[in-house]
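J.: Sharing a model prediction with you, sequence too.
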Amino acid sequence: MLDPVLEEGAGAAQPGTAPAGPEEVSMPPVPEASVPHVRRRWWLASGALILLALIWGYTWPLMKSVLDYADPFVYAGMRTFMGGVLLISLLPVLRRPVRPKAFWSTFLLGVLQTAGFLGLMTWALQGEGAGKTAVLTYTMPFWLLLMAWVFLGERLKGFQWVAVAVALAGLILVLSPWKMTGGWSPFMAIGGAICWALSAVVAKLLRRRHEVDLLSLTAWQLFLGSLPLVIVGAAVWKPPVWSGTFIYGLAFTVLFGNCLAWILWLYILHSLPAGTAGLGILLTPVIGITASWIALGERPGGFEGAGMLLIVGALLLTVAAEIVRGRRSRSRSGT
């Protein structure tokens with residue numbers, strides 16, 4: 001059972017509002033000191049979302065180029081294992097907890113977020129364009145909306161159902177099941193998105209039940225999740241070509257795409273509701289498509305292009321609706 005103290009909005013009236021009932025009860029106003037804190041936290045989380053979108057958006061065409069020089073599982077195993085070891089080695093230097101807390105929950109998080117998501121996404125990227133793979137992977141927020149409704153009690157609003165339906169129509173156009181010429185790569189990208197959504201739910205539940213250090217959690221989930229990828233990479237071992245592109249791509253994805261990005265993502269999950277966090281990173285596929293078009297010359301076909309526009313449009317509209325809803329809520333509560 002979840003700790004009721006940590007439930008978001010469970011069973012408690014918000015400050016500055018009156019509970020339903022025949023008698024009007026005077027509630028204490030929101031402390032003035034808390035208003036700047038709430039706003040500062042919202043701005044920090046928003047800044048983290050933008051930075052994360054820029055890092056991951058640029059990473060898509062870079063990863064596609066790196067896969068010209070390495071097997072996808074060898075590359076995925078190298079980037080995650082090196083990132084995990086690097087972060088764990090920094091824990092004692094930064095005086096953070098070295099031992100993992102809630103080991104099995106952290107291991108499950110790593111299997112889903114690192115092995116499942118990154119492994120399937122990298123595998124899909126080998127056989128598909130970077131822009132298309134990015135869009136399919138970033139259907140994650142829609143899976144997360146449904147999972148957060150079931151597991152976290154974050155109910156879907158009316159407009160969110162419309163957005164899910166529009167995105168589903170776009171997904172069908174991108175997959176083009178009447179053609180089926182893209183092999184299994186699109187489905188692996190969707191599988192990676194589902195693993196990522198499940199990992200977000202696990203992360204929210206884990207941080208509700210346990211007080212964990214963010215850097216320690218990031219380091220251990222990355223390291224533990226890298227182990228299945230290392231095993232698969234060793235089984236299919238093909239030595240990478242140590243070109244300048246491969247070295248630069250590996251270094252960037254280890255330092256920024258893994259270490260910094262996952263710290264930002266877990267911070268965002270801690271600071272915002274899961275559904276909002278998932279919707280907030282939807283600038284990433286737009287950046288990924290644009291960067292892939294410029295760097296790799298990828299141009300989607302008719303059905304693919306229309307489907308990608310529907311998915312990205314549904315994502316952006318949902319973000320806009322979430323922002324409006326958040327402003328109205330803050331206005332009603334006096335913040």
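T.: Arrived safely.
J.: in which helix or strand would I find residue 228?
T.: helix 214-235 (DSSP states H and E).
J.: Please pull up the helix or strand immediately following that helix.
T.: Downstream of helix 214-235 (by DSSP H and E), the next one is helix 244-252.
J.: burial measure for the closest residue to residue 231 other than its chain neighbours, as a count.
T.: Counting by Cβ to Cβ, 6 or more residues apart in numbering, residue 77 is the residue found nearest to residue 231 once chain neighbours are left out, at 8.0 Å. Glycine gets a C-beta too; all of them are placed from N, C-alpha and C. Residue 77: 27 surrounding residues under other Cβ atoms under 10 Å.
J.: Please apply the same query to residue 46.
T.: For residue 46, using other Cβ under 10 Å, the count is 15.
J.: Surely residue 62 touches residue 249?
T.: Yes: using Cβ atoms under 8 Å, residue 62 is in contact with residue 249, at 5.1 Å.
J.: Output the contacting helices and strands for the helix or strand harbouring residue 41.
T.: Per DSSP H and E, residue 41 falls inside helix 34-66. For helix 34-66, the packing partners by 3 or more Cβ pairs under 8 Å, 6 or more residues apart in numbering; DSSP states H and E come out as helix 119-127, helix 130-137, helix 244-252, helix 261-271, helix 274-280, helix 283-296.
J.: How about the helix or strand following the second one, which residues are buried there?
T.: With elements assigned by DSSP H and E, the helix or strand that comes after helix 130-137 is helix 140-147. Judged by neighbour count using 16 or more other Cβ atoms under 10 Å, the buried positions of helix 140-147 are 140, 141, 142, 143, 144, 145, 147.
J.: the inter-axis angle of the following helix or strand past helix 140-147 versus helix 130-137?
T.: Per DSSP H and E, the first helix or strand lying C-terminal to helix 140-147 is helix 158-175. Interaxial angle of helix 158-175 relative to helix 130-137 (axes from the mean of the first three to the mean of the last three Cα atoms, to 10 degrees): 140 degrees.
J.: Comparing the helices and strands packed on helix 34-66 by mean pLDDT, which bottoms out?
T.: Per-stretch mean pLDDT for those is lowest at helix 274-280 (a mean of 64).
J.: pLDDT below threshold where in this structure?
T.: 1-39, 156-158, 175-182, 274-282, 300, 315, 318-335 (pLDDT under 70).
J.: that older thread, give me the packing partners of the helix or strand following the helix holding residue 41, helices and strands only.
T.: Note on helix 34-66: by DSSP H and E, the next helix or strand toward the C-terminus is helix 72-93. Here helix 72-93 touches helix 119-127, helix 214-235, helix 244-252, going by 3+ Cβ pairs under 8 Å, 6+ apart.
J.: packing partners for the longest one?
T.: When you say that, I think you mean helix 214-235. helix 72-93, helix 103-110, helix 119-127, helix 261-271.
J.: ranking the ones you listed by burial, who's on top?
T.: Scoring the helices and strands packed on helix 214-235 by mean neighbour count under mean count of other Cβ atoms under 10 Å gives helix 119-127 as the most buried, with a mean of 23.
J.: Good, we can wrap up now.
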